[in-house]
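>>> Coordinates for the following, if possible.
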Amino acid sequence: MSLLICGSIATDHLMSFQGRFRDSLVVEQLDKLAVSFLVDDLQIRRGGVAANMCFGLGRLGLRPVLVGAAGEDFTDYRSWLERHGVDCSFVHISRSKHTARFVCTTDSSMAQFASFYAGAMSEARLIELRPIVDRVGEPGMVLIAADDPEGMVRHTHECRQRGYPFVADPSQQLAFSDGNLIRDLIDGATYLFSNEYESHMIESKTSWSAEAILRRVGTQVTTLGADGVRITARDTEPIDVKAAAGVTAVEPTGVGDAFRAGFLAGLEWGFGHERAAQVGCVLAAYVVETVGTQEYSFSHEQFVERVRSAYGDTAAADVAAQLVA
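Model prediction:
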């Protein structure tokens, strides 16, 4: 069965500010905000949530299918992803727009200011899933991440109509979406991914309680930053998984994408939710320790040892069996 990852493909322009943004902000004057920050460096990296997840899945030995839109400047990026196990055969290439750009500045407290240029991403609405499925096989899961909103809606509707199990992961698009759109994107999802702040935003904008959301999705997975992750499903006790220990945070961009990749890999390997979340937390640890969302590397043996140090021998043995296979 195939794993389709739908979402943005972008390049990240990442900058670091050694001070704290909050020291330069006057709360009473935010409506007149006009500030600049002298940054210390600039890193230009590959990114986009779908591409980040696909890279992580590829590093764990899977072959995900990337579903998204990019510009004609995607050639080198395509080669990079394909070298790391990602199927890019179905990426839509725009004839008139550049690949999307993410521009982000992170301060010393890990707070961020970011902007996003959609570019070719706006053509994701032109992509139909059925022709992809006809070629790669029935999907085990379709993850629908932040992307062109019309594209997200189209993919969600198609999954519901055709019976494809899907993961709702609206993340960055939540701030720009109204309640009706969010309800449409998450209703019927097998999994709903969000961070803690986003989970409250979903409840507020949809006017659905946490219990009402669980009646509409199979399982809710909420990342909690340094505190790990909470997994909630109907008629079961919540599962709390601690983040991997011994992490030195350098740059948080892409950490959530890596967790999702590891979690999905765990599900593909037949793991339960707790073990899948442990895989996700370890993969996320590699990302937060590097600048850039796809700059980390490890051998399978190193990954297994990190699982062992974080979650014990049984977890390590389970993961090792899958990576060897």
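>>> tell me what the longest helix seen in the chain is packed against?
Counting by DSSP state H, the longest helix found in the chain is helix 273-288. If you count contacts as 3 or more Cβ pairs under 8 Å, 6 or more residues apart in numbering; DSSP states H and E, helix 273-288 packs onto helix 49-59, strand 219-223, strand 229-233, strand 239-241, helix 255-268, helix 300-311, helix 313-324. Glycine gets a C-beta too; all of them are placed from N, C-alpha and C.
>>> deepest of these, which one?
Of all the helices and strands packed on helix 273-288, helix 49-59 has the most neighbours on average by mean count of other Cβ atoms under 10 Å, namely a mean of 29.
>>> That one vs helix 300-311, what angle?
Calculated by axes from the mean of the first three to the mean of the last three Cα atoms, to 10 degrees, helix 49-59 forms an angle of 100 degrees with helix 300-311.
>>> average pLDDT for the helix or strand that helix 49-59 is followed by?
Going down the chain from helix 49-59, the next helix or strand is strand 65-67, by DSSP states H and E. The average pLDDT for strand 65-67 rounds to 98.
>>> Strand 65-67 packs against which elements?
strand 2-6, helix 49-59, helix 130-136.
>>> secondary structure class for Ser36?
In three-state terms, and counting by DSSP: H, G, I helix; E, B strand; the rest coil, Ser36 is coil.
>>> count of neighbours near it?
Residues contacting Ser36 under the criterion other Cβ atoms under 10 Å number 6.
>>> where are the low-confidence patches of the stretch 201-325 of the chain?
By pLDDT under 70, the low-scoring segments of the stretch 201-325 of the chain are 325.
>>> Quick check: beta-bridge partners of Gln43?
Per DSSP bridges, the residues bridged to Gln43 are Leu14.
>>> neighbours around it, how many?
Neighbour tally, Gln43, other Cβ under 10 Å: 15.
>>> Go ahead and confirm it touches Thr11.
No: assessed by Cβ atoms under 8 Å, Gln43 is found out of contact with Thr11, at 10.7 Å.
>>> which stretches of the stretch 51-200 of the chain form helices?
Ranges of helices in the stretch 51-200 of the chain, per DSSP state H, counting those that start in this stretch, are 75-83, 130-136, 149-162, 179-186, 196-206.
>>> so how far is the second one from its chain's centroid?
Taking Cα atoms, centre = their mean, to the nearest Å, the mean C-alpha location of helix 130-136 is offset from the chain mean by 23 Å.
>>> same check, this time on stretch 68-82
On Cα atoms, centre = their mean, the centre of stretch 68-82 falls 18 Å from that of its chain.
>>> what do you get for stretch 116-132?
Per Cα atoms, centre = their mean, the displacement of stretch 116-132 from the mean C-alpha position of its chain is 17 Å.
>>> Identify each buried residue in that stretch, please.
For stretch 116-132, burial by neighbour count (16 or more other Cβ atoms under 10 Å) applies to 116, 118-125, 127, 129, 132.
>>> pLDDT check: weakest of those residues?
Among the buried residues of stretch 116-132, Phe116 has the weakest pLDDT, 80.
>>> tally of neighbours for the closest residue to that residue other than its chain neighbours?
Nearest residue to Phe116, sequence neighbours excluded (Cβ to Cβ, 6 or more residues apart in numbering): Phe102, at 5.3 Å. Residues within reach of Phe102, counting by other Cβ under 10 Å, total 22.
>>> Would you check that Phe102 makes contact with His13?
Yes: under the criterion of Cβ under 8 Å, Phe102 makes contact with His13 at 6.9 Å.
>>> sorry, back to before: residues contacting the residue nearest to Phe116?
The contact partners of Phe102, taken as Cβ atoms under 8 Å, 6 or more residues apart in numbering, are 10-13, 47-48, 114-117.
>>> Next one: it from Gly119, what distance?
11 Å (Cβ to Cβ, to the nearest Å).
>>> Could you do Gly225 as well?
Look at Gly225 and Gly119: by Cβ to Cβ, they are 30 Å apart.
>>> was I right about Pro170 contacting Met152?
Yes: under the criterion of Cβ under 8 Å, Pro170 is in contact with Met152, at a separation of 7.0 Å.
>>> so what sits against both of these two?
Taking Cβ under 8 Å, 6+ apart as the contact rule, Pro170 and Met152 both touch 144, 146, 185.
>>> pretty sure the second one is in contact with Phe176, am I right?
No: applying Cβ under 8 Å, one finds Ala146 not in contact with Phe176, separated by 9.8 Å.
>>> which of those two has more neighbours?
More neighbours surround Ala146 than the other of Ala146 and Phe176, with 22 against 10 (other Cβ under 10 Å).
>>> what residues are up against the residue most central in space within the chain?
In the chain, the residue lying closest to the centroid (Cα atoms, centre = their mean) is Asp257, at 2.8 Å. Contact partners of Asp257, counting by Cβ under 8 Å, 6+ apart, are 49, 52-53, 56, 287, 293.
>>> Chain neighbours aside, what residue packs nearest to it?
In space, Asp257 is closest to Asn52, 3.7 Å off (Cβ to Cβ, 6+ apart).
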